[in-house]
Each structure stands twice: as C-alpha cells, then as structure tokens.
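1. sharing a sequence plus its predicted fold:
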Amino acid sequence: MSVSQDLINALPSKLLYTCKTHRGTSVAKQESLGKKPLQVLEKIRENLEKLNEKMEVMIELQKHGRKDIQPLPETPLDVMTLLSMPDHLRKTAMTVCRLGRATADEIAQQTHRARAVESAYLNQLVIMGYLKKERKGRKAYFYVDRESQGG
Amino acid sequence: MGKIIAVHSYKGGTGKTLLSVNLAATFVKLGKKVCLFDLDFRAPSLSTLLKMENLEYWLNDYLNGTCEIDKVLVDLSDKIHNGGKLFVGFANPTTEAIREMSAKDRKWEMRALGRLLSLRTSLLNDKGFDYLIFDTSPGLQYSSINAIVGADIVLVATTFDRSDVDGTRRMLQELYDLFEKKTEIVLNKVLHDVSSKSGKEIMQTKIGDLYHAPPLGIIPCFCDILRGEGNIIFPQEKPEHPFTKILVEIASKIDKMP
C-alpha cells in the first residue's frame, strides 16, 4: 500500500468528505467538520504521528536490509542479548534500560541523536520483541517489560 | 549524585575483593556513605572476610525479588572508626545457594538487571549513598555483566600475567567499550620497583602502551597483604601502609571524576 493511500485511510471520513468537496461552499465545509474542528484536527495529527512512526520503522528496516522482518514474540532483553546487538540498537536499548520507561524524545536527549532516529530504533526493538510500547494520550512510552514475562 | 563502581577482572585471583573492600573502607575513612555488594555468587567471599553468618536475607533474595534492599544491607560502620558509613550486601555462600544461582535463566537475569539498576534510585537518590561498590565474578558471567551495565565506572583489576593481559585487552574492546563504560585499570601484584618517581613513570608508560590509557593505580606485590590472608582492612588497621596511600590516591581520583 502506498504512503498516500495509508494517509487517506488514516483520515476520518468527515474530513475526507471535506477534502473532496474543497471547492464547494463554506457551508458544506462547516457541516462536514461539525462543531468540533479542533478534535478532528487533533485526530489527524495523531494519525499522522502513527503513520510517521510506521514510515520511520520501514525506512530503518530497509536501510538495514531487513524488509522481511516480522514481529517476534516477547524476548528477554538480558545483557548477553545487549552484547550481541548492533551498536546503534544497543545504545537505544541501554538507555531504555537505564531510564526504565521513556519516550523517543527522552531517549534522544540522552543519546544525542535525532528523535526520529530514536523513534525508528525503538520501534524496531518493539518489533524484535525486546521492548513494549504503550500510548498515553499523544505520547508513546517504551519500556522493558520485566514483570510480565514468565519463567 | 553518587557513583556506582563495578570491580571486575578477566581472571580470578587478581585482587578484586581486596580492592573492593579496601577501597570501600578508604571512602568511608574520607567520610563517605558507602555500600559494598558481593555480586560474586559463584564464589562469595565477603561473608567470610567480614565474618557474617546466618543472615536472614542475602543479596540472592533481593535479586530473586523476595525482599527489598534495606532488609539485605548490614550496617558495618563500626568496623571503620572516625569515618562515614559502611553498609554491606552479602551473597549467600552456601553450596545450595551457589548451585541455585548458577542455574538461573535469561529471564531471571533480565529481572536481576532491573533490580540492580533500580539501586541507583533506591540507594543513591533516596538514601543519599555516595558510592555503591560491586565486587563481581571474573570473566563473562551474567552477574558480572549485569553489574558492569549497572555501573558508572568499571575498575579492572589486572596483573602482568600474560593470559590476564590478553584477556583484559579483549574485554576492554569487546565488553566495556560496547557498553560505553568509563573503564579504569588497576594493576595489582607488580614486582617492579614503583617506589621511586622514575620507576613509577616507567611502569605507567608500559601499562599505558598495553592498554592505550594510563592506569588509575599501580599496587606492588606487598607481603603484608598476603600475610593478612584477606583479614586486614588496611585503611583502618594500617593507615600508614603504602597500600593504604595508593588506595587514597585511587579514591581521590575517582572522587574527582565527573
């Protein structure tokens, strides 16, 4: 699926209608947006952020020639695993270990790398089963789930 | 904000425990609040050296998640007079406990890492400790690497033994550097004369060439250390001994590190 198709799918239907009738009257626009334009814009922003994260992961996976990678089951992030990781992912994983629970922004402040880069690495670590991700409002938190893994 | 120091080595018998105990005592003498941990679960030694038996809780219990750290720590401040505070967390020395710790799986080790990492908050931030010192097992043991990951500074105790030098050099490149740890070399059991300034400089250059960094400390082979059989806490019992003076130099350098 193309990125533009992804974007269209992510948009609320009311907004789509507005976009398609962009050249129509301003009355039609107001009706389609309803009384809560801010909420609609907020939803668009959330969807765009999710889309952005997905794209960052795809770009990162392509960069490392791992187009075929599939989400893996939960895997313990122990020190031997950390040792065997590529340097760029180890740095991110170590920072999450140290902070306990953090956003891509917080990790980027520690590693002095760009937020988008950290976001891609964090999502890659989630796909690999080492980290968990939890959304709270507009923020996405990444953490090592030490308690729920049995054994 | 305090610091966490892991004392590690490639081979056994390089003086990790000697350095850990005496460095902890040196910091206490300097008025610091220190906690010493025996993380050598395969060959626990602090309980013997500090004469502790039949404790209700051990570090093993803390890492197993069955008790909190305050239950484990023993206040031994009275062993060091006119100083700060010394607390010690002991590893269970029974054969059964050693066997049990040797059989832990990756998930347990991952949780143990989490428990070690949380000591930064519980002891350094909340309880105001100045130093946590981890005495570890030699080589690439899970518990040792956990300790290294949890530490700010790794002190590597090494000797001039050829296999020890090779192994230490490998660990510098393939272990400490990968975790981006500040690593300092302490050369122990040195037979060359380092009492004079020139002798010390020659030795520092030699070690610097081997490890691409000057050593944090050079400890000559003292017969008094061997005679003490591990029972002597030098900063307390022999404050004028050259070994004590070297320890004070090492402690001062660590204290000045950012």
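-> The structure has been received and is ready for your questions.

2. tell me, how many residues neighbour whatever residue of chain B ends up closest to chain A?
-> Chain A sits closest to residue B:107 of chain B, with a gap of 3.7 Å, by C-beta to the nearest C-beta. Every C-beta, even on glycine, is put in place using the N, C-alpha and C of the backbone. Residues near residue B:107, counting by other C-beta atoms under 10 Å in any protein chain shown, number 16.

3. helices of chain B, start to end?
-> Here chain B has its helices, by DSSP state H, at B:16-29, B:46-49, B:59-64, B:69-72, B:95-102, B:106-117, B:119, B:142-150, B:162-171, B:197-211, B:223-228, B:234-237, B:242-256.

4. ranking those helices by mean pLDDT, which is last?
-> Comparing mean pLDDT across those, the weakest is helix B:223-228, with a mean of 78.

5. which residues are contacting that one?
-> Residues from elsewhere that reach helix B:223-228 (C-beta atoms under 8 Å, 6 or more residues apart in numbering or on different chains): B:18, B:232, B:238, B:241, B:243.

6. quick check: buried residues in that helix?
-> Judged by neighbour count using 16 or more other C-beta atoms under 10 Å in any protein chain shown, the buried positions of helix B:223-228 are B:225, B:228.

7. stretch B:42-57 now?
-> B:44-47, B:49-50, B:52, B:57.

8. ok so, going back, of the contacts of helix B:223-228, just the buried ones, PyMOL syntax please.
-> Per 16+ other C-beta under 10 Å, the buried members of those correspond to this PyMOL selection:
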select buried, chain B and resi 18+232+241+243
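
9. and the contacts of helix B:223-228, which is closest to residue B:6?
-> Of all the contacts of helix B:223-228, residue B:6 sits closest to residue B:18, with 15.5 Å by C-beta to C-beta.

10. which ones are touching the closest one?
-> Residue B:18 neighbours (C-beta under 8 Å, 6+ apart): B:188, B:225, B:230.

11. mind putting those residues in a markdown table, distance to residue B:33 included?
-> Formatted as a markdown table, the contacts of residue B:18 follow (distance: C-beta to C-beta, whole Å):
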| residue | distance to residue B:33 |
| --- | --- |
| B:188 | 26 |
| B:225 | 26 |
| B:230 | 24 |
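
12. burial measure for residue 39, as a count.
-> Going with chain A. 12.

13. ah, I was thinking of chain B
-> Neighbour count for residue B:39, taken as other C-beta under 10 Å: 27.

14. show me what contacts it?
-> So residue B:39 contacts B:59, B:91, B:134-137, B:143-144, B:146-147 (C-beta under 8 Å, 6+ apart).

15. check the contact between residue B:33 and residue B:83; I expect there is one.
-> No: using C-beta atoms under 8 Å, residue B:33 is not in contact with residue B:83; the gap is 9.8 Å.

16. sorry, back to before: pipe the contacts of helix B:223-228 into a markdown table and attach distance to residue B:165 per row.
-> Shown next, in a markdown table, are the contacts of helix B:223-228 (distance: C-beta to C-beta, whole Å):
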| residue | distance to residue B:165 |
| --- | --- |
| B:18 | 19 |
| B:232 | 28 |
| B:238 | 29 |
| B:241 | 27 |
| B:243 | 22 |
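
17. select the longest helix from chain A.
-> helix A:37-63.

18. quick one: list the elements packing against it.
-> helix A:3-10, helix A:13-20, helix A:115-127 (3 or more C-beta pairs under 8 Å, 6 or more residues apart in numbering or on different chains; DSSP states H and E).

19. following element in sequence after that helix, please.
-> Where DSSP states H and E defines the elements, the next helix or strand beyond helix A:37-63 is helix A:79-84.

20. tell me the domain ranges of chain A?
-> Domain segmentation of chain A under automatic domain parsing yields A:3-60, A:71-143.

21. from those domains, which stretch is densest packed?
-> domain A:71-143 (a mean of 17; mean count of other C-beta atoms under 10 Å in any protein chain shown).

22. get me the contact residues on chain B for chain A.
-> Within chain B, the positions adjacent to chain A are B:105-111, B:113-114, B:117-118, B:142, B:145-146, B:148-149, B:175, B:178-180 by C-beta under 8 Å from any C-beta of the partner chain.

23. run the last query once more with 7 Å
-> Contacts of chain B with chain A, taken as C-beta under 7 Å from any C-beta of the partner chain, map to B:105-111, B:113-114, B:117, B:142, B:145-146, B:149, B:178-179.

24. confirm for me that residue A:88 is in contact with residue A:122.
-> No: judged on C-beta atoms under 7 Å, residue A:88 makes no contact with residue A:122 at a distance of 11.6 Å.

25. any idea of the mean pLDDT in stretch A:45-55?
-> For stretch A:45-55, mean pLDDT is 79.

26. alpha carbons only: can I get it in PDB?
-> Extracted C-alpha coordinates of stretch A:45-55, given in PDB (Å, rounded to 0.1, in the frame of the first residue of the first chain):
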ATOM      1  CA  ARG A  45      -2.400  14.800  14.000                       C
ATOM      2  CA  GLU A  46      -2.500  11.600  16.000                       C
ATOM      3  CA  ASN A  47      -3.000   9.600  12.800                       C
ATOM      4  CA  LEU A  48      -0.200  11.400  11.100                       C
ATOM      5  CA  GLU A  49       2.100  10.700  14.000                       C
ATOM      6  CA  LYS A  50       1.300   7.000  13.900                       C
ATOM      7  CA  LEU A  51       1.900   7.000  10.200                       C
ATOM      8  CA  ASN A  52       5.200   8.800  10.700                       C
ATOM      9  CA  GLU A  53       6.300   6.200  13.200                       C
ATOM     10  CA  LYS A  54       5.400   3.400  10.800                       C
ATOM     11  CA  MET A  55       7.300   5.000   8.000                       C
END
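
27. how close does the residue of chain B closest to chain A get to residue A:95?
-> 21 Å (C-beta to C-beta, to the nearest Å).

28. try residue B:20
-> In this view, residue B:20 and residue A:95 are 28 Å apart by C-beta to C-beta.
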